[in-house]
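# Curious how this folds, go ahead:
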Amino acid sequence: MSEQYVIAIDQGTTSSRAIIFNHEGGIVSTGQKEHEQIFPKAGWVEHNPKEIWDNVREVIGQALSKANLTRHDIVSIGITNQRETAVVWDKNTGEPVYNAIVWQDTRTQSIVDRLAGSDGVEKYKDIVGLPLSTYFAGTKIVWILENVDGARERAEAGDLIFGTTDTWVLWNLTGGVNGGVHVTDVTNASRTMFLDLKTLEWRDDILADFGVPKSMLPTVKSSSEVYGTASDNSLLREVPIAGILGDQQAATFGQAAYDKGEAKNTYGTGNFIIFNTDTEIVKSENGLLTTIGYKLGDGETHYALEGSIAVTGSLVQWLRDNLGIISSAPEVETLAKTVDDNGGAYFVPAFSGLFAPYWRSDARGALVGLTRYVNKGHIARAALEAIAFQTKEVIDAVNADSGVPLTELKVDGGATQNDTLLQFQADILGVPVVRPVVAETTALGAAYAAGLATGFWANLDDLRANWLEDKRWEPNMDEDERARLYRNWKKAVTKSMDWVDEDVRE
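Modelled structure (predicted):
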């Protein structure tokens, strides 16, 4: 029999990709296409769901074509996705009622405040592991129901359904209006505000508080089982879709961090650190989220602590697209290397408020410490350092919650090709930073989940055997200098807070 493969659909914040993997976890081919970032108002971020689905179909074709493969060579399909981005559509027509509201969007702050009331933002945290925040999908559904003409009536009539983008892709891939499967997995469900972490069921009382009809919600399944097969009009027709993991959980799975105490940091649009707590639900005392790490079929649910940072790679994108001081993302390293240090400048990219460990929706971006000495090289360096500083803050919180300090940090994502960033990351953390051979661990994790469900890989030991170290960065910064830089960063963060109030129009 000819060699077989698994394909992963990675529906991300800035692009959709299809990546084909072999049994060794190596990349065979990739298709990728960016989609439009829509900013109707300050603080609003949207995507066109139909553009996303069109792009997914296109990148599947690209990946198959580049590898000269057909559906007969593919054992199973995995899906990973930008997790909290919310899509609401008509199940009878397949038409979205509004653009997808992206996880970075902050328009729902008034809904958050209303729901929190006198109880505060941690009102539901013991149940769902999350504070009330504009970040999660639940308030985005509420906004659509309250602001799109006729949406609430159609939802209550049972015509509208909701999904994060994994569900949107799965529903379309399995036939859409012609029998599409309306399912999500436990990791994505745990980012809605509606899932009970213990029972893995939607909470009727929380849905009632939000005013969201339960009929809108997908069925919750494990991260690794057959949900359905690709429809007859797909290039992958009859191939089973057998794995779904939210992007950060997928990256953790792809990093083979399956055991308690293992962690990874993904450098993408934002940065996301996940620390495996095994089958124990650990409640953070230091601003982290409690979330589901993975669940394989009928196996036990594995939980994690997560530190979510909203703006890291998208800060580099902002330097490119909004300021024009670089013309491509890799140029940020070249520009940063024109100077020896940050020149006293610190960049706090609180464009969507501050996520972990602060959870301050009133914060906004700040570039501080400026003098006439500072040039664009210093700004580029400050942007890279901001990524590392924010990561250190979350690692400090992980260390405090777990009581077991990390001795090294596994990293993945696009920005891990930036040596200057990762050296500074090791320096400011004071521990080694390690990159695997396959840095596309998000797609790899989804492929692993799908391959486990269909027998392509036998067990987790198979997957551990695939993990190989590519490069390691050792810290070489003086302790006093590390402390000085971090102290100044913490001071800069305070300057970003208390910006949004009733006098600030966004």
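# what's residue 499 in contact with, if anything?
Taking Cβ atoms under 8 Å, 6 or more residues apart in numbering, we find residue 499 in contact with 362-364. For every residue, glycine as well, the C-beta is placed using N, CA and C.
# Mind naming the longest helix for this structure?
Longest helix of the chain, by residue count under DSSP state H: helix 376-402.
# Flag every buried residue along it.
Buried residues in helix 376-402, counted by 16 or more other Cβ atoms under 10 Å: 377-398, 401-402.
# Stretch 151-164 too?
Applying 16+ other Cβ under 10 Å to stretch 151-164 flags 151-152, 154-155, 159-164 as buried.
# In strands only, show me the residues you listed.
If you go by DSSP state E, the buried residues of stretch 151-164 have 160-163 in strands.
# wait, which of the residues you listed is closest to residue 73?
Minimum distance to residue 73 across these is 28.8 Å, recorded for residue 163 (Cβ to Cβ).
# Need the buried residues of stretch 151-164 in JSON lines (columns: pLDDT and distance to residue 13).
Formatted as JSON lines, these follow (pLDDT from 0 to 100; distance: Cβ to Cβ, whole Å):
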{"residue": "151", "pLDDT": "96", "distance to residue 13": "24"}
{"residue": "152", "pLDDT": "97", "distance to residue 13": "28"}
{"residue": "154", "pLDDT": "97", "distance to residue 13": "28"}
{"residue": "155", "pLDDT": "97", "distance to residue 13": "26"}
{"residue": "159", "pLDDT": "97", "distance to residue 13": "28"}
{"residue": "160", "pLDDT": "98", "distance to residue 13": "24"}
{"residue": "161", "pLDDT": "98", "distance to residue 13": "22"}
{"residue": "162", "pLDDT": "97", "distance to residue 13": "19"}
{"residue": "163", "pLDDT": "97", "distance to residue 13": "16"}
{"residue": "164", "pLDDT": "97", "distance to residue 13": "12"}
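# Tabulate these (TSV), appending distance to residue 321.
Putting these into TSV (distance: Cβ to Cβ, whole Å) gives the following:
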residue	distance to residue 321
151	32
152	36
154	36
155	35
159	38
160	33
161	33
162	30
163	29
164	25
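# Tell me where this protein is predicted with low confidence.
Low-confidence segments of the chain, defined by pLDDT under 70: 1-2, 502-506.
# Report the separation between residue 473 and residue 186.
Residue 473 sits at a distance of 34 Å from residue 186 (criterion: Cβ to Cβ, to the nearest Å).
# more crowded one of these two?
When residue 473 and residue 186 are compared for neighbours, residue 186 comes out ahead with 24 against 21, by other Cβ atoms under 10 Å.
# need the contact list for that one.
Per Cβ under 8 Å, 6+ apart, neighbours of residue 186: 195, 200, 220-223, 292, 294-295, 301.
# Surely residue 130 is within a strand?
No. Under DSSP: H, G, I helix; E, B strand; the rest coil, residue 130 falls outside any strand and is assigned coil.
# Let me see the contact set for it.
With contacts defined as Cβ under 8 Å, 6+ apart, residue 130 is in contact with 124, 136, 190-191, 193, 289-291.
# Which one of those residues is nearest to residue 49?
Of all the contacts of residue 130, residue 49 sits closest to residue 191, with 17.6 Å by Cβ to Cβ.
# The closest one and residue 455, how far apart?
Going from residue 191 to residue 455 by Cβ to Cβ gives 29 Å.
# More neighbours: the two, which one.
Neighbour comparison, residue 191 and residue 455: the larger count goes to residue 191, with 29 against 10 (by other Cβ under 10 Å).
# So which residues of the stretch 351-500 of the chain form strands?
366-368, 409-412, 433-436, 469-473 (DSSP state E, counting those that start in this stretch).
# tell me which strands and helices the strand or helix carrying residue 290 is in contact with?
Applying DSSP states H and E as the criterion places residue 290 in strand 289-295. Packing partners of strand 289-295 (3 or more Cβ pairs under 8 Å, 6 or more residues apart in numbering; DSSP states H and E): helix 186-189, helix 247-254, strand 271-278, strand 301-309.
# can I get these in TSV with distance to residue 56?
Compiled in TSV, those are given as follows (distance: least, Cβ to Cβ, whole Å):
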stretch	distance to residue 56
helix 186-189	16
helix 247-254	15
strand 271-278	22
strand 301-309	25
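# Pick the most deeply packed of those.
Burial of the helices and strands packed on strand 289-295 is given as mean neighbour count (mean count of other Cβ atoms under 10 Å); helix 247-254 ranks first at a mean of 32.
# How about residue 276, nearest residue that isn't a chain neighbour?
residue 262 (4.9 Å; Cβ to Cβ, 6 or more residues apart in numbering).
# what residues are up against that neighbour?
Taking Cβ under 8 Å, 6+ apart, one finds 255, 275-276, 410 in contact with residue 262.
# Over to residue 477?
Applying Cβ under 8 Å, 6+ apart, we find residue 477 in contact with 427-428, 430.
# how about 7 Å then?
By Cβ atoms under 7 Å, 6 or more residues apart in numbering, residue 477 lies in contact with residue 427.
# ok, it to residue 343 distance?
17 Å.
# Count residues in the vicinity of the nearest residue to residue 452 once chain neighbours are set aside, would you?
Sequence neighbours aside, residue 224 is the residue nearest to residue 452 in space, at 5.1 Å (criterion: Cβ to Cβ, 6+ apart). Per other Cβ under 10 Å, the neighbour tally for residue 224 reads 26.
# who's in contact with residue 224?
Shown in contact with residue 224 (Cβ under 7 Å, 6+ apart): 242-243, 296-297, 449, 452-453.
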